[in-house]
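A.B. asks: Test case, fold it:
(chains A and B)
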Amino acid sequence: MSEATDQLRWGMVIDLDRCTGCGACVTACQAENNVALVGKEEFGKGRNLHWLRVERYWEGEFPHVRARFVPMLCQHCADAPCEPVCPVYASYHNPEGLNGQVYNRCVGTRYCANNCPYAVRVFNFFNPEWPQPLDQQLNPDVTVRSRGVMEKCTFCIQRIRGAKESAKLEGRPLRDGEVQPACAQTCPPGAIIFGNLNDPDSQVARLARSPRRLRLLEDLGTEPSVVYLKGGGHEHVG
Amino acid sequence: MKKKLLIAILLLPLLAAVIGLVVLYHLPLDLEDRAPSQPIAFSHRQHVGEMAIDCRFCHRSVDVSAIAGIPDVDLCRACHLFIAVDRPEITRLAEFWQQNQPIPWERLYRIPDHTYFPHMMHLNAGLECGGCHGAVETMAVTRRVVATKMGWCLNCHREHGASIDCWTCHR
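C.D. replies: Numbering: from 1, shown residues only, chains lettered A, B, ... in the order given. Model (predicted):
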């Protein structure tokens, strides 16, 4: 709810004209953030965990059909609907404009997920299991969440902190593009750009001023930090 | 009169429970063994106090990594190939070396999995090792001097103007 007071305000631009819907970002996210797998049966009950998903829309009538892909992740709203409803302040706003989730505070009321218009918050219905040898690929920088805890995209906070730490140790400011979430790093067509929106010269701030810009469900007034670009006449599918 | 006594007797355990919970909340309860016996009777007093070896000589990754690092048997052996080789504790060290086994040291300071603690950032901020780990140069048996609880972290962070954003340590 509070205004970002820091000189950093993290934001993301997703160029839908570049997105091919390949799903590499989803895989990268799953691996980077220790997002658990629940199995086919529980997936069918809607208990799957995803910090990032690719939504697919069909446009037009057969045979003139076109697929549209929208990578969907936490929008890190400046006026986040999930924050005021948390009774234990597990969902909070951080000074860098991120919408935080503190796992050790969360008691699992699930009010936040209920109030999120983007449906990007997911709940751990079970203690995650990592059958051999998958336990060997867990990221040591990210907490493994346990049962009864809500989780969601963090914009790879461990990478943000890592980059800030190395910048501080080397005594220099953060460079533009130094922080890359797993999804942005892996995106083959480079559709996902991440950076500091408060720096007007950063790549993400320049792209966010594009005339192709749109923000999802903007009429709700959530002020998302994720800007989508669409409609440049370069749609490659169709 | 009897009724009042009965009510008082009923309320007493409740009061005791409330006081107990308050005490539990405020005390830095640190119930694990603070000075567990180690597989080799290593003395920080001897190494740091008497020999004046710098912490960083053995805990080599402390100023570049989140983890301070326990020295390899290799590093212990590098000195003890020549120094005090006939003492019983050093022969035990040599046994670990010959069996190609790491020394199963007992851990003193434990931080929960959902907490990230980078040693190098704290050293970079100018903190001394002894500020948290106590005067190890006087300890023949190394012991834990602080209960690493969140309130203790926060007090120091507030004092030094460090970040108290949740995501600085929890993620």
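A.B. asks: who's in contact with stretch B:54-65?
C.D. replies: Outside stretch B:54-65, the residues that touch it by C-beta atoms under 8 Å, 6 or more residues apart in numbering or on different chains are B:47-48, B:67-71, B:75, B:118-120, B:123-124, B:129, B:136. Backbone N, C-alpha and C define where each C-beta goes, glycine included.
A.B. asks: Apply 7 Å and report the result again.
C.D. replies: Residues outside stretch B:54-65 that contact it (C-beta atoms under 7 Å, 6 or more residues apart in numbering or on different chains) are B:I67, B:A68, B:G69, B:P71, B:L75, B:H119, B:M120, B:L123, B:C129.
A.B. asks: Now do the end-to-end distance for that stretch.
C.D. replies: The first residue of stretch B:54-65 is 17 Å away from its last residue (C-alpha to C-alpha, to the nearest Å).
A.B. asks: Also stretch A:126-145?
C.D. replies: Using C-alpha to C-alpha, one end of stretch A:126-145 lies 10 Å from the other.
A.B. asks: close to chain B, is it?
C.D. replies: Yes: counting by C-beta under 7 Å from any C-beta of the partner chain, chain B is contacted by stretch A:126-145 at A:V142, A:T143, A:V144.
A.B. asks: what's the helix or strand for the most far-flung residue of chain A relative to its centre?
C.D. replies: No residue in chain A sits farther from the centre than A:P63, which is 34.0 Å out by C-alpha atoms, centre = their mean. Assigned by DSSP states H and E, A:P63 falls within no helix or strand.
A.B. asks: Same question for the one 5 residues further on.
C.D. replies: Applying DSSP H and E as the criterion places A:R68 in strand A:66-73.
A.B. asks: For the helix or strand following that strand, give me every contacting residue.
C.D. replies: Downstream of strand A:66-73, the first helix or strand assigned by DSSP H and E is strand A:91-93. When contacts are defined by C-beta under 7 Å, 6+ apart, strand A:91-93 is touched by residues A:M1, A:S2, A:A80, A:C82, A:E83, A:N99, A:G100, A:Q101, A:V102, A:C112, B:C166.
A.B. asks: In this structure the third one contacts A:G100, no?
C.D. replies: No: under the criterion of C-beta atoms under 7 Å, A:A80 makes no contact with A:G100, lying 9.8 Å away.
A.B. asks: who's in contact with the longest helix seen in chain A?
C.D. replies: Longest helix in chain A by number of residues, with DSSP state H as the criterion: helix A:157-169. With contact meaning C-beta under 7 Å, 6+ apart, helix A:157-169 is reached by A:10, A:98, A:141-142, A:173-174, A:178-181, B:118, B:120-121, B:124, B:167, B:171.
A.B. asks: That one: which residues count as buried?
C.D. replies: Neighbour counts over helix A:157-169 (16 or more other C-beta atoms under 10 Å in any protein chain shown) mark A:I157, A:Q158, A:R159, A:I160, A:R161, A:G162, A:A163, A:K164 as buried.
A.B. asks: repeat for stretch B:39-51
C.D. replies: Within stretch B:39-51, the residues that count as buried by 16+ other C-beta under 10 Å are B:I40, B:F42, B:S43, B:H44, B:R45, B:H47, B:V48, B:G49.
A.B. asks: Could you measure from B:Q99 over to B:D113?
C.D. replies: 31 Å (C-beta to C-beta, to the nearest Å).
A.B. asks: Which positions in chain B make contact with chain A?
C.D. replies: B:D113, B:H114, B:P118, B:M120, B:M121, B:N124, B:D165, B:C166, B:W167, B:H170, B:R171.
A.B. asks: So which residue is dead centre in chain B?
C.D. replies: Geometric middle of chain B (C-alpha atoms, centre = their mean) lands on B:Y109, at 2.8 Å.
A.B. asks: What pLDDT does the model give it?
C.D. replies: With respect to pLDDT, B:Y109 has a value of 90.
A.B. asks: for A:A4, same thing?
C.D. replies: 42.
A.B. asks: swap in the one 3 residues further on?
C.D. replies: With respect to pLDDT, A:Q7 scores 85.
A.B. asks: Same question for B:P88.
C.D. replies: In this model, B:P88 is scored at 92, pLDDT.
A.B. asks: what do you get for B:F57?
C.D. replies: 94.
A.B. asks: next one: the one 10 residues further on
C.D. replies: We note a pLDDT of 92 for B:I67 in this prediction.
A.B. asks: again with B:H160
C.D. replies: Looking at B:H160, its pLDDT is 93.
A.B. asks: sorry, back to before: quick one: the buried residues of helix A:157-169 as a markdown table, columns for distance to A:M72 and pLDDT too.
C.D. replies: Listed next are these as a markdown table, based on distance: C-beta to C-beta, whole Å; pLDDT from 0 to 100:
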| residue | distance to A:M72 | pLDDT |
| --- | --- | --- |
| A:I157 | 19 | 95 |
| A:Q158 | 21 | 94 |
| A:R159 | 20 | 95 |
| A:I160 | 21 | 95 |
| A:R161 | 24 | 93 |
| A:G162 | 25 | 93 |
| A:A163 | 25 | 94 |
| A:K164 | 27 | 93 |
